[in-house]
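> sharing a model prediction with you, sequence too.
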Amino acid sequence: MGNNTISLRYANSLFFTAKEKNLTDKIAFDVERLYKILNENPELRRALESPIIKPALKQSILEKIFLGKIHEELYKFLRFIVEKKRENLLITILKKFLWLRDEQVGIVNMKIKTAYEFSEEQASLIKSKFETKLKKKVRLNFVIDPALIGGFVAQINDTVYDASLKHQLEILKKKFSIGAALSN
């Protein structure tokens, strides 16, 4: 069984527990914080993922850092992950939990690359257009990429919407080369 499948099973388990106990919002809030903490503290992440560090020491680290600061159900889940020696999947599990929560409430994450920073009005317009198209709430994450020249590239999971000037110029270039080849 692949790591993605295993991570999804653990995320489903946490999500089901949270939903069953009517704690989805509270646990999701703590999962977001935990995800951010692990991404911002690579030493902590490496310590938890290290096969050299004994599970008892990892449990102690978790207790010192998180006991009383995150919901008890999430804390128990973290201890369970360490017991099962799945700490190397923790980031992926947390990410999949958040994805499951977003799916439940009808939210999609959209990464938008632009050549320059969008104004509030532009961001609002693109958000409303995609919400209408997808019939879901859209959470925008902007990334500046000057190589695009203008326009934007939007990505939701594996689907890419390329409305960049660079892409349009590439299409035009292909059309001209095809036209030139046909005229010869």
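Yep, it's here.

> next one: the helix-or-strand element of the chain with minimal mean pLDDT to chain centre, how far?
Scoring the helices and strands of the chain by mean pLDDT, DSSP states H and E places helix 165-183 at the bottom, with a mean of 75. Taking C-alpha atoms, centre = their mean, to the nearest Å, one finds helix 165-183 lying 36 Å from the centre of the chain it belongs to.

> next one: stretch 2-17 to chain centre, how far?
Relative to the mean C-alpha coordinate of its chain, stretch 2-17 is positioned 15 Å out (C-alpha atoms, centre = their mean).

> got it, and stretch 118-130?
For stretch 118-130, the distance between its averaged C-alpha position and the chain's averaged C-alpha position is 21 Å (C-alpha atoms, centre = their mean).

> show residues contacting it.
Residues from elsewhere that reach stretch 118-130, judged by C-beta atoms under 8 Å, 6 or more residues apart in numbering: Met110, Ile112, Val138, Leu140, Phe142, Phe152, Ala154. For glycine as for every other residue, the C-beta is placed from the backbone atoms N, C-alpha and C.

> same question for stretch 43-58.
Contact partners of stretch 43-58, identified using C-beta under 8 Å, 6+ apart, comprise 37-39, 61-62, 65, 82-83, 85, 87-88, 90-91.

> what of stretch 164-174?
Surrounding stretch 164-174, the residues in contact under the criterion C-beta under 8 Å, 6+ apart are Lys113, Ala115, Ala147, Leu148, Ile149, Gly150, Gly151, Phe152, Val153.

> now the last one: which helix or strand?
With secondary structure defined by DSSP states H and E, Val153 is part of strand 151-156.

> list the buried residues in that strand.
Of the residues in strand 151-156, those buried under the neighbour-count criterion (16 or more other C-beta atoms under 10 Å) are Phe152, Val153, Ala154, Gln155, Ile156.

> so what's the third one up against?
Pointing back at Ala154 there. By C-beta under 8 Å, 6+ apart, Ala154 lies in contact with Met110, Lys111, Ile112, Ile126, Phe130, Val160, Tyr161, Ala163.
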